[in-house]
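Q: My questions are about this predicted structure, shown below with the sequence.
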Amino acid sequence: IGDAGIIPDVYNNANLTENAAKICNLNENIFNRFLSLWLRSSYLQDIINSEIKSGAQGKLALARIKSLPLILPPLQEQHEIVRRVEQLFAYADTIEKQVNNALTRVNSLTQSILAKAFRGELTAQWRAENPELISGENSAAALLEKIKAERAASGGKKTSRKKA
């Protein structure tokens, strides 16, 4: 339900909304960043969501928060877990940036290919190697004249295309 975070000391006396709870007076065996990660874990979120009775915006009573299971490894291990999780989050952020950069390059490349296609740059070599296929009766001008002649012969009616 919702999110968990750490309130900076600057905001210690700030008011909270009715949908927020502040856990304070942690004992020295609980690392606050570990607790924050634990509260946001999918395991604990599944437990919390299974206990919500109803309502558009579910609420979790403080009594239920106190009864949530807390797997508490030694303090040094909590610090190591937090370090590794934050390292993985940083790695995920790096991958996300790389994916976004790749998508930007793909979109740019697509636009570049389309621009070259409209300028005829993609077929320049083929046209140079096959002039007989695009000249004379196969030239664009000759094909347009042929279409005009066919339309004139049919009385100016445009032929409809068959639907697939």
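A: That came in fine, so what should we check first?
Q: okay, and the helix or strand of the chain with the least pLDDT?
A: Every helix and strand in the chain was compared by mean pLDDT, DSSP states H and E; the lowest is helix 62-67, with a mean of 77.
Q: Mind giving me the packing neighbours of whatever helix or strand comes next after that one?
A: From helix 62-67 onward toward the C-terminus, using DSSP states H and E, the following helix or strand is helix 75-119. Using 3 or more CB pairs under 8 Å, 6 or more residues apart in numbering; DSSP states H and E, the elements in contact with helix 75-119 are helix 32-40. C-betas here are computed from N, CA, C, even on glycine.
Q: What residues sit buried inside the helix it packs on?
A: Residues 33-39 are the ones in helix 32-40 that count as buried (16 or more other CB atoms under 10 Å).
Q: okay, Lys158: pLDDT?
A: According to the prediction, Lys158 has pLDDT 64.
Q: make that Ala61, sorry
A: Reported pLDDT at Ala61 in the predicted model: 68.
Q: For the residue lying closest to Ala142 once chain neighbours are set aside, grab the count of nearby residues.
A: Taking CB to CB, 6 or more residues apart in numbering, and ignoring the residues beside it in sequence, Ala142 has Gly136 as its nearest neighbour in space, at 6.7 Å. Number of residues near Gly136 (other CB atoms under 10 Å) recorded here: 9.
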